[in-house]
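Colleague: below are the sequence and a predicted model for it; my questions follow.
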Amino acid sequence: MLSTSPRLWAARYFLAAFAFITPLSSGWAEAPVPPAKGGFTLAVLPDTQMYAWKDPSLYRAQTQWVAEHVETHAIPMVLHLGDVTQHNTDEQWKAARVAHDLMKDRVPCAIAPGNHDLGPEGTGSTRDTLMSSFFPLADFQRWGSFGGVYDKEPERTENNWHRFEAGGRKWLVLALEFGPRDDVLRWAGEIVQAHPDHLAILVTHAYLRPDDTRFNRGAKIEKNGKVSNKGLDNYALSKAKWGFNDGEDVWQKLVSQHANFFLVISGHVCVTGRRTDAGKHGNSVHQMVVDYQNQDRGGNGFLRLLQFAADGKSLHVVDYSPVLDAVSELPNTNYTLNLPPLPTK
């Protein structure tokens, strides 16, 4: 899968394991080249649950690479796709906090909680989470890019939004909870509608499947002679009175309804997939999923880098591991998407 020698792999693993003693710097020969002047990069953290649980050094290697490359790769924001932890415990959230602290004075991060960040032992059975304790509102408010949160009494950060300018455009990022509640989708829609001059990006944990279809409780799939639901009905939250929306719901109720939606990115299922659909206003919406948790060592530290070209015409997607210093060779991990025309001045 990866063009890296066993000896080099072992050396880099040793370095990653001791990243808390010796910073991982220099080298990076295989890292994607920085964008040309005027371009920028969004760094994406796929599900980090196995790192927080079993080997936090890999998590730290990811965030340290981002911190070191904020300027060279023009990174205005980091996107975390959820399942920050595996069991929603103090220990695992502390491991995440330590990793994110390597970036905290360098770049803001939009975080969407996953099912493993919710409920007792990360079962996703309730919306109780330690996220707001370890990533409190004050952390987000430090950045001028921060827009606000949905839950205000008490203040909770599981649904957060941000805006920034890069590449000659204005951007809006919405990070929404696992299986967003009905009223959360209403709130998100109002934010998108209030920013028609911003291209909107949705970050949510469970939206697209690796077979390039959206999670959909109304559809069935047959595998190994068994028929199962393509939705998320196995979670107790799907029966909650305040509503629960899977990928198809989110598409129908939110994403497809607004002309300025451009991208949806999610995790939850391995390894990756993508599709592009037209919204009701004719706008192309790219949708992608990326999650490496079932790979060696819970993901080998792979990041997804969204590299926006300086000419404003394209977005190149590439998955890179600073632990292996290698680019992924899996399908759908290295490709280019078109961007809508730049706004006229």
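Modeller: That came in fine, so what should we check first? Given the structure is predicted, the values throughout are model-derived calculations rather than measurements.

Colleague: any idea of the mean pLDDT in stretch 152-160?
Modeller: For stretch 152-160, the per-residue pLDDT values average out at 94.

Colleague: brain fart, stretch 278-298
Modeller: If you average the per-residue pLDDT over stretch 278-298, you get 97.

Colleague: for stretch 192-203, same thing?
Modeller: If you average the pLDDT over stretch 192-203, you get 98.

Colleague: tell me which residues of that stretch come out buried.
Modeller: Buried residues in stretch 192-203, defined by neighbour count with 16 or more other CB atoms under 10 Å: 192, 195, 198-203. For the C-beta atoms, the positions are set from N, CA and C on the backbone; glycine is no exception.

Colleague: what of stretch 244-255?
Modeller: The neighbour-count criterion (16+ other CB under 10 Å) identifies 244-251, 253-255 as the buried residues of stretch 244-255.

Colleague: now swap in stretch 79-93 and tell me
Modeller: For stretch 79-93, a neighbour-count test (16+ other CB under 10 Å) marks 79-89, 92-93 as buried.

Colleague: may I ask which two of these are separated the most?
Modeller: Between all members of the buried residues of stretch 79-93, the longest pairwise span (CB to CB) is found for 79 and 89 and amounts to 23.6 Å.

Colleague: so what does the helix or strand hosting residue 192 touch, helix or strand wise?
Modeller: Secondary-structure assignment from DSSP states H and E places residue 192 in helix 182-193. In terms of contact count using 3 or more CB pairs under 8 Å, 6 or more residues apart in numbering; DSSP states H and E, helix 182-193 is assigned the packing partners strand 169-176, helix 247-253.

Colleague: how about 10 Å then?
Modeller: Counting contacts by 3 or more CB pairs under 10 Å, 6 or more residues apart in numbering; DSSP states H and E, the secondary-structure elements packed against helix 182-193 are strand 146-149, strand 160-166, strand 169-176, strand 198-204, helix 247-253.

Colleague: what's the burial count for the closest residue to residue 300 other than its chain neighbours?
Modeller: In space, and not counting its chain neighbours, residue 300 is closest to residue 321: 5.1 Å by CB to CB, 6 or more residues apart in numbering. Residue 321 sits with 26 neighbouring residues when counted by other CB atoms under 10 Å.

Colleague: the one 10 residues further on too?
Modeller: Other residues near residue 331 number 12, with proximity taken as other CB under 10 Å.

Colleague: how near is it to residue 269?
Modeller: Taken as CB to CB, to the nearest Å, the spacing of residue 331 relative to residue 269 amounts to 15 Å.

Colleague: same deal with residue 56?
Modeller: With the distance defined as CB to CB, residue 56 ends up 23 Å from residue 269.

Colleague: please apply the same query to residue 287.
Modeller: Separation of residue 287 from residue 269 (CB to CB): 13 Å.

Colleague: tell me the SS of residue 97?
Modeller: helix (DSSP: H, G, I helix; E, B strand; the rest coil).

Colleague: buried residues, the helix holding residue 192. List them.
Modeller: Judged by neighbour count using 16+ other CB under 10 Å, the buried positions of helix 182-193 are 184-185, 187-189, 191-192.

Colleague: now swap in stretch 104-114 and tell me
Modeller: Judged by neighbour count (16+ other CB under 10 Å), stretch 104-114 contains these buried residues: 106-114.

Colleague: do the same with stretch 305-312
Modeller: Taking 16+ other CB under 10 Å as the basis for neighbour counts, the residues of stretch 305-312 that come out buried are 305-309, 312.

Colleague: could you pull out the helices for the protein?
Modeller: In the chain, the helices defined using DSSP state H lie at 6-17, 49-54, 56-68, 90-101, 131-134, 137-141, 182-193, 247-253.

Colleague: in a markdown table, list these along with distance to residue 293.
Modeller: Shown next, in a markdown table, are the helices of the chain (distance: least, CB to CB, whole Å):
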| stretch | distance to residue 293 |
| --- | --- |
| helix 6-17 | 17 |
| helix 49-54 | 5 |
| helix 56-68 | 11 |
| helix 90-101 | 14 |
| helix 131-134 | 18 |
| helix 137-141 | 25 |
| helix 182-193 | 25 |
| helix 247-253 | 19 |
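
Colleague: for those helices, which has the smallest mean pLDDT value?
Modeller: Considering those one by one, the lowest average pLDDT is found for helix 6-17, at a mean of 40.

Colleague: what's the closest of the helices and strands packed on helix 182-193 to residue 301?
Modeller: Taking CB to CB as the criterion, residue 301 comes closest to strand 198-204 out of these, the separation being 19.8 Å.

Colleague: so the closest one versus strand 160-166, what angle?
Modeller: Orientation note: strand 198-204 sits at an angle of 140 degrees relative to strand 160-166 (axes from the mean of the first three to the mean of the last three CA atoms, to 10 degrees).

Colleague: no more questions from me, cheers.
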